[in-house]
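Peer 1: quick one, fold the following:
(2 chains, ligands or ions: 4)
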Protein chains: 2
Amino acid sequence: MLLGSIEAGGTKFIAAVGDEHMNIIDTVTVPTTKPDETMEQISNFFSRYHLDALGVGSFGPIDVDEKSQTFGYITSTPKSFWRDYNFVGYLKQKLNVPVAWTTDVNAAGYGEYLLGNANGTESCLYLTIGTGIGGGFINKGQILNAFSHPEMGHVFIKRHPDDTFEGICPFHKNCLEGMASGPAVEKRWGKKGVELADQSFVWELEAYYLAQALISYTLILRPERIILGGGLMKQKQIFKLIRNEFHAMLNDYVEVPDLETYIQPVGLNDQAGIIGGLLLAKNKLKG
Amino acid sequence: MLLGSIEAGGTKFIAAVGDEHMNIIDTVTVPTTKPDETMEQISNFFSRYHLDALGVGSFGPIDVDEKSQTFGYITSTPKSFWRDYNFVGYLKQKLNVPVAWTTDVNAAGYGEYLLGNANGTESCLYLTIGTGIGGGFINKGQILNAFSHPEMGHVFIKRHPDDTFEGICPFHKNCLEGMASGPAVEKRWGKKGVELADQSFVWELEAYYLAQALISYTLILRPERIILGGGLMKQKQIFKLIRNEFHAMLNDYVEVPDLETYIQPVGLNDQAGIIGGLLLAKNKLKG
Ligand SMILES: Nc1ncnc2c1ncn2[C@@H]1O[C@H](COP(=O)(O)OP(=O)(O)O)[C@@H](O)[C@H]1O
Ligand SMILES: Nc1ncnc2c1ncn2[C@@H]1O[C@H](COP(=O)(O)OP(=O)(O)O)[C@@H](O)[C@H]1O
Ligand SMILES: [Zn+2]
Ligand SMILES: [Zn+2]
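Peer 2: Ligands and ions are numbered 1, 2, ... in the order given. This is a model prediction of the structure:
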């Protein structure tokens, strides 16, 4: 069985071919320019293989409603070349394979759920805290999707009493993404996250905001595990701070697993999205 | 077919017998005292009928994990007589019928989803804003339940600049329930909600907090409809205020249905919980 996977990001696309055991056979990286350039390179890469199915995790927002006329499209993205682009349609036409289609975050979450640090659980919330903040939830094998896919990085939070930063979200100013994403950290402190590694208050504040959001997600979704990925989570010292804040703020209101187990970094590193795409492709062949 | 339903609340239990068309044949209300008193009256009521199944929506927290040793129990409630009480076990022993078991909020949400103001949708978030704030989410016929049932009234929110009230949640002080539940409104203003009906700022502030939470729920769950019940939502003027705040704060970040359709009051009034219990009982017989 040959499976394809695409991790379609705002700056680059990664594509891979693998087998049903998740051995990766070939891979390519292509810059995100215009659809006719980027997608042609991707489809040329795949056309050398006889794929049985393809899994795509894409930047968004995307249309995932199978009953919609624009199913498989990227919709209202600020990247104007990609607005209203028929992503799945192009792939089906060029490659003539079944395509599993979800968000980049859902694909990475699915990878972590089945083969990463949520392996063995029944439900997992996966979050990425990088240029943006996004999340995906998988419960009993199903990726949560109702009216559309979640966009859970923009929840509201309470301000830390010592923080006067106004926030950078163009929609909400001081939502979670506006206060705690990579660019928010950079704007507040005037330095990149990686340069702030030894500034303990930076990470305490970050943990204060993330822990609040994790509590909201916990109370609404009740996941068995939470996996945190994305650039900012490379600061491994933050996990202890997040767990401490989470414990203090939740105040034992509901039962959660032991926090060392409950809140974990990614297990598949930068591979979660690609592996997730392969797993979704494999799954597509079953049903 | 004869179905039973119990709405088990902190002050009273309501029980009903109905048929598969949701015609209610008989009903009883019993005060919530001790399990051996309250439950005996409830089981005596049902024992006059040959029930095919029974649906229960209970105050909580409750154990809904079918693999757990304490499945069917009320767990860590502050009502000490009911702590670690084997609710489902008692009913099965006395009445020997299949029992569907969920939270009071989930049962009411299920009623609204199938026969109330979310009828015809694929996914519905039901919230009650009363003595406490709680929510249940139903998607494609399934009540969301992962590690356990949601307890979504305690999410964090940002403070209104003109509000200095410290909040009354014993766990979190200024979470949503601490700031916007019936007792919070009463404590902040020194009067009951119903006596504040003509104070417009009371309801603007309430809408400010509820709208933030509705945005968090929207971004995390992406429901097709939101139904708001509970005592405070009897102030019907608040729906317009909530929709306005929601619109302003979401700032078109994601697509939602038209807000008049999206955010609605209950359709079944005080019957949602009982009807939901009957529907859950009926459903139990199918699968
Ligand atoms: N080691 C690091 N420590 C702190 N911040 C980092 C680190 N690496 C990347 N970041 C920050 O994470 C953000 C990028 O997130 P990332 O997840 O790598 O990419 P993207 O979200 O664009 O896919 C940037 O704001 C960057 O400054
Ligand atoms: N008509 C009303 N207007 C405003 N507030 C009300 C109204 N009716 C009840 N409330 C408030 O709602 C709360 C009770 O909520 P309710 O949903 O009726 O019960 P419970 O949550 O205990 O099941 C109380 O704080 C009460 O003051
Ligand atoms: Zn935002
Ligand atoms: Zn609280």
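
Peer 1: so residue A:1 makes contact with residue A:20?
Peer 2: Yes. With contact defined as CB atoms under 8 Å, residue A:1 reaches residue A:20; the gap is 4.3 Å. From N, CA and C alone the C-beta is placed, and that goes for glycine too.

Peer 1: which one is the closest residue to ligand 1 within the stretch 1-150 of chain A nearest to, not counting chain neighbours?
Peer 2: Across the stretch 1-150 of chain A, the shortest distance to ligand 1 (CB to the nearest ligand atom) belongs to residue A:130, at 2.4 Å. In space, and not counting its chain neighbours, residue A:130 is closest to residue A:230: 3.5 Å by CB to CB, 6 or more residues apart in numbering or on different chains.

Peer 1: need the contact list for that neighbour.
Peer 2: Residue A:230 makes contact with A:127-130, A:133, A:182, according to CB atoms under 8 Å, 6 or more residues apart in numbering or on different chains.

Peer 1: how about residue A:1?
Peer 2: Residues in contact with residue A:1, defined by CB under 8 Å, 6+ apart, are A:19-20, A:52, A:282, A:285.

Peer 1: before we move on, back to that, show me the contacts of residue A:230 that map onto helices.
Peer 2: Among those, the members falling in helices (DSSP state H) are residue A:182.

Peer 1: does any bit of the lengthiest helix in chain A sit next to chain B?
Peer 2: When every helix of chain A is counted residue by residue (DSSP H), the longest turns out to be helix A:200-221. Yes. Judged by CB under 8 Å from any CB of the partner chain, helix A:200-221 and chain B are in contact via A:212, A:215-217, A:219-221.

Peer 1: same deal with stretch A:99-107?
Peer 2: No. Stretch A:99-107 stays clear of chain B (CB under 8 Å from any CB), getting no nearer than 11.6 Å.

Peer 1: ok, back up a step: export the contacts of residue A:230 to CSV and tack on neighbour count?
Peer 2: Converted to CSV, those look like this (neighbours: other CB atoms under 10 Å in any protein chain shown):
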residue, neighbour count
A:127, 27
A:128, 26
A:129, 28
A:130, 18
A:133, 29
A:182, 19
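
Peer 1: between the contacts of residue A:230, which is nearest residue B:202?
Peer 2: Distances from residue B:202 to the contacts of residue A:230, taken as CB to CB, are shortest for residue A:133 (33.6 Å).

Peer 1: let me see the contact set for that closest one.
Peer 2: With CB under 8 Å, 6+ apart, residue A:133 has these contacts: A:127, A:152-154, A:176-177, A:180-181, A:230.

Peer 1: narrow these to those in helices?
Peer 2: Per DSSP H, the contacts of residue A:133 map to helices at A:176-177, A:180.

Peer 1: mind listing the residues bridging to the residue nearest to residue A:50 when sequence neighbours are not counted?
Peer 2: Excluding the flanking residues, the one nearest residue A:50 by CB to CB, 6+ apart is residue A:2, at 6.0 Å. Beta-bridge partners for residue A:2, by DSSP bridges, are residue A:19.

Peer 1: do residue A:24 as well
Peer 2: Here residue A:24, judged by DSSP bridges, has bridge partners residue A:18.

Peer 1: what about it, how many neighbours?
Peer 2: The number of residues packed near residue A:24 is 15, by other CB atoms under 10 Å in any protein chain shown.

Peer 1: pLDDT at it, what is it?
Peer 2: What the model reports for residue A:24 is a pLDDT of 97.

Peer 1: so it touches residue A:18, yeah?
Peer 2: Yes. Shown here, residue A:24 and residue A:18 form a contact pair, counting by CB under 8 Å, at 4.6 Å.

Peer 1: can you list residues touching both of the two?
Peer 2: residue A:278.

Peer 1: now for whatever residue of the stretch 51-200 of chain A ends up closest to ligand 1: which residues touch it?
Peer 2: Going by CB to the nearest ligand atom, ligand 1 is nearest to residue A:182 of the stretch 51-200 of chain A, at 2.0 Å. Each residue near residue A:182 by CB under 8 Å, 6+ apart is listed here: A:129-131, A:192-193, A:230-232.

Peer 1: which of these fall in strands?
Peer 2: Among the contacts of residue A:182, the members falling in strands (DSSP state E) are residue A:129.

Peer 1: which one of the contacts of residue A:182 is nearest to residue B:77?
Peer 2: Proximity of the contacts of residue A:182 to residue B:77 (CB to CB) peaks at residue A:129, which lies at 35.7 Å.
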